[in-house]
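Peer 1: Please work out how this folds:
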Amino acid sequence: MAFTEKYVTASASGGGDGSIGNPWTIEEAALNATSGQRVNVKAGSYTLAGANIFMQGSNEANPFSIRGYKTTIGDLDNVPSSQLVDVTDLPLLTTNNSSYYMYFNGAYQIIENISFKTSTSVPAAYVDSSKSFVRRCRFESQTTGQYAIRRNGDCVFFSSCYFKMPSGATVETIDAAGSSFFTGCVFDAGKTAIDSTDSAHFIDCILKDFSSNAIAISTTGHSMIANCTFYNISGNAVNISSTNSGPVFVRSCVFHSIGAYAINTSLGDFDCFATNNLYHGVTVGQFNNIYDDEHRNIYTDSSDPFTNASGGDFTLLQSSNGVRNSSPGLFEVFDQQTFRDAGAVQSVGGGPKRVSLNGGING
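Peer 2: The predicted model follows:
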């Protein structure tokens with residue numbers, strides 16, 4: 001469909017009509033935007049001064065969209081956001097008052113190229129949407145007791161997003177209800193990335209530096225965790241509770257420096273199937289309460305399989321068993337920050353090229 005383009009700038013003084021020559025403030029966009037419109041938010045610093053509730057799309061053919069841009073609308077689409085700087089390149093929407101927050105409600109919404117940050121007792125953003133897409137966005141909480149994002153609603157897809165929590169966080173990164181899908185996302189530090197009571201799917205993601213379990217699942221639906229990297233997890237990398245009626249599929253993942261089990265379930269009755277995973281530095285065990293016929297093709301590395309884990313490069317060394325045997329994914333998490341995923345292989349002397357999630361080549 002063709003959107004009606006509307007505009008927001010940090011320098012808007014109010015009273016605009018949303019045109020490129022007379023843009024809205026972010027608060028005016030929240031009050032006036034409607035289905036079928038795309039609100040283009042120019043790079044800059046925005047401190048929220050109201051409870052911003054954005055309009056829902058009315059149906060699949062008439063959605064609502066909000067996206068960031070630098071100088072010309074669309075100029076950030078498919079640009080690796082590892083190259084982008086908040087405020088200079090991306091619009092940064094900051095919440096520093098518990099009365100003010102960014103809230104997306106409804107269905108059929110597209111949210112792109114925006115950085116959300118909170119330093120108070122509300123999340124950086126609420127995404128209470130269904131059948132919606134969130135692409136190349138950043139969500140950061142600077143408060144130990146507050147989520148980076150709270151979401152509700154069924155079928156929300158996050159692609160190439162970055163989630164950040166402070167050291168000592170006491171809550172999970174995402175407070176989630178409803179099924180969620182994450183592809184090519186980075187979950188950087190915190191207590192737990194997600195404690196899901198519904199289906200949660202992680203494909204080509206990196207989860208690092210968590211003080212408890214990285215992913216906790218207690219759901220009545222199926223979940224898939226594939227081609228993901230888990231690094232420096234104090235608890236279980238994947239924890240499946242006894243209320244789950246899954247199953248949960250865990251395949252072609254790399255588990256490195258795990259303080260407890262790589263995969264822990266408390267039920268053991270066909271609630272988890274694990275195959276083609278690579279393990280290194282797993283303290284307690286590779287898995288717990290998984291039947292013998294539910295885990296296959298177990299691979300281990302006695303030495304560090306990553307190119308430079310401490311420096312954020314999680315591509316596999318060509319000497320790793322993960323390259324030869326565990327069928328890692330074809331992609332690296334190239335789009336967010338500088339992290340490189342174990343789904344890609346170190347390029348040495350004409351070796352395989354690193355393929356970015358947006359289709360480009362990063363040799």
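Peer 1: all contacts plus neighbour counts: C-alpha atoms, from now on.
Peer 2: Will do.
Peer 1: in terms of contact, does Leu48 touch Ser99 like I think?
Peer 2: No: checked against CA atoms under 8 Å, the pair Leu48 and Ser99 is beyond contact range at 9.5 Å.
Peer 1: of these two, who's got more company?
Peer 2: Under the neighbour definition other CA atoms under 10 Å, Leu48 and Ser99 were set side by side, and Leu48 has more, 18 against 13.
Peer 1: which ones are touching that one?
Peer 2: Contacts for Leu48 (CA atoms under 8 Å, 6 or more residues apart in numbering) come out as 26-27, 93-96, 100-102.
Peer 1: next one: phi and psi at it?
Peer 2: Note on Leu48: its backbone torsions stand at phi -70, psi 140 [degrees, to the nearest 10].
Peer 1: Local confidence estimate at it?
Peer 2: With respect to pLDDT, Leu48 scores 87.
Peer 1: where's it relative to Thr120, distance?
Peer 2: 12 Å (CA to CA, to the nearest Å).
Peer 1: circling back: tell me the buried residues within the contacts of Leu48.
Peer 2: Among the contacts of Leu48, the ones that count as buried by 16 or more other CA atoms under 10 Å are 26-27, 93-96, 100-102.
Peer 1: Do me a favour and average the pLDDT over the lengthiest strand in the chain.
Peer 2: Counting residues, the longest strand found in the chain (DSSP state E) is strand 272-282. In this model, strand 272-282 carries a mean pLDDT of 87.
Peer 1: Check which element follows it along the chain.
Peer 2: Counting by DSSP states H and E, the next helix or strand C-terminal to strand 272-282 is strand 285-288.
Peer 1: so what does that next one touch, helix or strand wise?
Peer 2: In terms of contacts (3 or more CA pairs under 8 Å, 6 or more residues apart in numbering; DSSP states H and E), strand 285-288 is packed against strand 261-265.
Peer 1: Can you tell me who Ile233 pairs with across the strands?
Peer 2: When bridges are called by DSSP bridges, Ile233 pairs up with Phe210, Ile258.
Peer 1: can you pull the contacts of it?
Peer 2: Applying CA under 8 Å, 6+ apart, the residues near Ile233 are 208-214, 257-259.
Peer 1: let's see it at 6 Å
Peer 2: Ile233 is in contact with 209-210, 258-259, counting by CA atoms under 6 Å, 6 or more residues apart in numbering.
Peer 1: close enough to count as contact, Thr170 and Gly145?
Peer 2: Yes: using CA atoms under 6 Å, Thr170 is in contact with Gly145, at 5.3 Å.
Peer 1: Thr315: which of the contacts of Leu48 is nearest?
Peer 2: Minimum distance to Thr315 across the contacts of Leu48 is 32.1 Å, recorded for Leu93 (CA to CA).
Peer 1: So what's the residue count around Ala30?
Peer 2: Per other CA under 10 Å, the neighbour tally for Ala30 reads 20.
Peer 1: For the helix or strand it falls within, what does the pLDDT average out to?
Peer 2: Mapping Ala30 onto the secondary structure by DSSP H and E places it in helix 26-32. For helix 26-32, mean pLDDT is 91.
Peer 1: Which elements pack onto it?
Peer 2: Counting contacts by 3 or more CA pairs under 6 Å, 6 or more residues apart in numbering; DSSP states H and E, helix 26-32 packs against strand 51-54.
Peer 1: List the strands paired with the following helix or strand past the strand it packs on, with their directions.
Peer 2: Elements were assigned by DSSP H and E; along the chain past strand 51-54, the next helix or strand is strand 64-69. Sheet pairing for strand 64-69, assigned by DSSP bridges, gives strand 37-42 (parallel), strand 109-112 (parallel).
Peer 1: how about CSV for those strands, with distance to Val87 added?
Peer 2: Listed next are the strands paired with strand 64-69 as CSV, based on distance: least, CA to CA, whole Å:
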stretch, distance to Val87
strand 37-42, 9
strand 109-112, 15
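Peer 1: Which of these has the lowest mean pLDDT?
Peer 2: Least confidently modelled of these is strand 109-112, at a mean of 93 by mean pLDDT.
Peer 1: now that one: how far from the chain's centre is it?
Peer 2: 14 Å (CA atoms, centre = their mean, to the nearest Å).
Peer 1: Buried residues, it. List them.
Peer 2: Neighbour counts over strand 109-112 (16+ other CA under 10 Å) mark 109-112 as buried.
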